[in-house]
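Asks: Whatever this is, show me its structure:
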Amino acid sequence: MSSTNYTPRMLERFRKVVVPELMKEFQYKNPMQVPKLQKVVVSMCIKEATADMKIMEKAMEELSMITGQKPKLTRAKKAIAAFKLRAGMPLGAVVTLRGPRMYEFFDRFANVALPRVRDFRGLSPNGFDGSGNYSTGIKEQIIFPEITVEKVEKSRGMNVIFVTSANTDKEGYQLLEKMGLPFRKK
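Replies: This next block holds a predicted model:
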């Protein structure tokens with residue numbers, strides 16, 4: 001992956017197809033004005049991990065297989081008695097992808113994993129935050145081909161956040177749609 005002459009398929013698509021289309025659609029004068037994908041954040045919250053650290057280790061291993069990068073362990077910031085949670089207890093794992101790994105993950109997510117979701121009709125276009133960033137949730141990690149279904153002890157969900165340099169939701173939507181995210185029609 002770190003070879004100097006390799007460029008991910010999605011990055012080439014972005015440069016050759018998406019940039020000219022967005023320049024024409026939004027009347028940008030300079031290609032540097034075109035919004036781009038800045039990072040992809042994949043996070044997983046495992047509430048059972050407060051009782052057993054082995055569950056957290058297994059979830060982190062699965063997340064690293066999916067993203068190709070070692071996840072960071074997240075801990076509780078403060079104690080919440082109602083949830084039997086003390087400050088410093090492990091709660092989840094998060095991975096921030098940038099550069100070629102980000103484009104590789106985007107490609108696998110849009111073209112391999114999402115079509116494997118049961119009864120998939122497209123992603124909801126309502127996941128934008130007002131600044132062009134998109135957030136979605138996945139119910140099962142087994143949609144990724146890297147995960148062996150027989151080895152999965154429990155189905156876990158995860159959140160995927162696409163952070164873009166877009167200023168509006170419309171620009172962010174057009175960027176992600178032209179890159180290949182399958183959105184439901186509004």
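Asks: quick one: contacts of the helix or strand containing residue 42?
Replies: According to DSSP states H and E, residue 42 maps onto strand 37-45. If you take C-beta atoms under 8 Å, 6 or more residues apart in numbering as the criterion, strand 37-45 is touched by 14, 59, 63, 66-67, 71, 74, 91-98, 102-103, 105-106, 141, 156-165, 175-176, 179. From N, CA and C alone the C-beta is placed, and that goes for glycine too.
Asks: which stretch of helix or strand covers residue 19?
Replies: Going by DSSP H and E, residue 19 is part of helix 19-26.
Asks: Give me the average confidence score over that helix.
Replies: Across helix 19-26, the average pLDDT comes to 93.
Asks: and what of stretch 132-148?
Replies: Averaged over stretch 132-148, pLDDT sits at 86.
Asks: got the end-to-end distance for it?
Replies: End-to-end span of stretch 132-148 (C-alpha to C-alpha, to the nearest Å): 34 Å.
Asks: same question, stretch 153-166
Replies: End-to-end distance of stretch 153-166: 39 Å, with C-alpha to C-alpha as the criterion.
Asks: Quick one: the strands in this protein, in order.
Replies: Taking DSSP state E as the test, the strands found in the chain are 37-45, 72-75, 90-97, 134-138, 158-164.
Asks: biggest helix in the protein by residues?
Replies: Of all segments of type helix in the chain, defined using DSSP state H, the longest is helix 53-67.
Asks: Residues contacting that helix from elsewhere in the structure, which ones?
Replies: By C-beta under 8 Å, 6+ apart, the surrounding residues in contact with helix 53-67 are 42, 44, 46, 48-49, 70-71, 73, 90, 93, 95, 97, 101, 105, 141, 144, 146-147, 152-154, 156, 158.
Asks: switch the cut-off to 6 Å
Replies: 42, 44, 46, 48-49, 70-71, 90, 93, 95, 105, 141, 144, 146-147 (C-beta atoms under 6 Å, 6 or more residues apart in numbering).
Asks: Pick out the shakiest of the strands of the chain, pLDDT-wise.
Replies: Averaging pLDDT over each of these singles out strand 72-75 as the lowest, with a mean of 85.
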